[in-house]
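Novice: Test case, fold it:
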Amino acid sequence: MTNTPDKGDMLKVRMDAVTLSMMDTARAYLELDKSKFIRESVREKAEAVIAEHQRTRFSAEDWTAFFGALDAPEAPTPRMKKAAAKFRDIQG
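Specialist: This is a model prediction of the structure:
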């Protein structure tokens, strides 16, 4: 599915002279028109913000607990053993 912009979708932006000059210089290097440069820049920033907020973060205590469980796993419970046996039965 292609994501074609609706010609009615418009974004008006006020920009200071320094930022506008920087944008013009950058888009000239990339040989992009203003509209495409802005779209690509907004998309890149949005992807970075989304990725940052969707990333799982662990505290030092979380890491200690995680690696501790790997180094010294607890014995399987009867329920876990039953689930493993059922899985083996299903798999054949």
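
Novice: Can you tell me what sits against stretch 78-86?
Specialist: residue 76 (CB atoms under 8 Å, 6 or more residues apart in numbering). No exception for glycine: its C-beta is placed from N, CA and C like everyone else's.

Novice: Buried residues of it, list them for me.
Specialist: For stretch 78-86, a neighbour-count test (16 or more other CB atoms under 10 Å) marks nothing as buried.

Novice: again, but for stretch 32-47
Specialist: Neighbour-count burial for stretch 32-47 flags 37, 38 (criterion: 16+ other CB under 10 Å).

Novice: Average pLDDT for it, rounded please.
Specialist: Average pLDDT, stretch 32-47: 95.

Novice: so where's the longest helix in this structure?
Specialist: Identified as the longest helix of the chain according to DSSP state H is helix 34-54.

Novice: Send me that one as PDB with only the CA atoms.
Specialist: The C-alpha trace of helix 34-54 is given here as PDB (Å, rounded to 0.1, in the frame of the first residue of the first chain):
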ATOM      1  CA  LYS A  34      11.700  22.300   0.500                       C
ATOM      2  CA  SER A  35       8.600  20.200   0.800                       C
ATOM      3  CA  LYS A  36      10.500  16.900   0.300                       C
ATOM      4  CA  PHE A  37      13.300  18.000   2.700                       C
ATOM      5  CA  ILE A  38      10.800  18.900   5.400                       C
ATOM      6  CA  ARG A  39       8.800  15.600   4.900                       C
ATOM      7  CA  GLU A  40      12.000  13.500   5.200                       C
ATOM      8  CA  SER A  41      13.300  15.500   8.200                       C
ATOM      9  CA  VAL A  42      10.000  15.200  10.100                       C
ATOM     10  CA  ARG A  43       9.800  11.500   9.300                       C
ATOM     11  CA  GLU A  44      13.400  10.800  10.500                       C
ATOM     12  CA  LYS A  45      12.800  12.700  13.700                       C
ATOM     13  CA  ALA A  46       9.400  11.000  14.300                       C
ATOM     14  CA  GLU A  47      10.900   7.600  13.800                       C
ATOM     15  CA  ALA A  48      13.700   8.400  16.200                       C
ATOM     16  CA  VAL A  49      11.300   9.700  18.900                       C
ATOM     17  CA  ILE A  50       9.000   6.700  18.500                       C
ATOM     18  CA  ALA A  51      11.900   4.200  18.700                       C
ATOM     19  CA  GLU A  52      13.300   5.900  21.800                       C
ATOM     20  CA  HIS A  53       9.900   5.700  23.500                       C
ATOM     21  CA  GLN A  54       9.300   2.100  22.500                       C
END
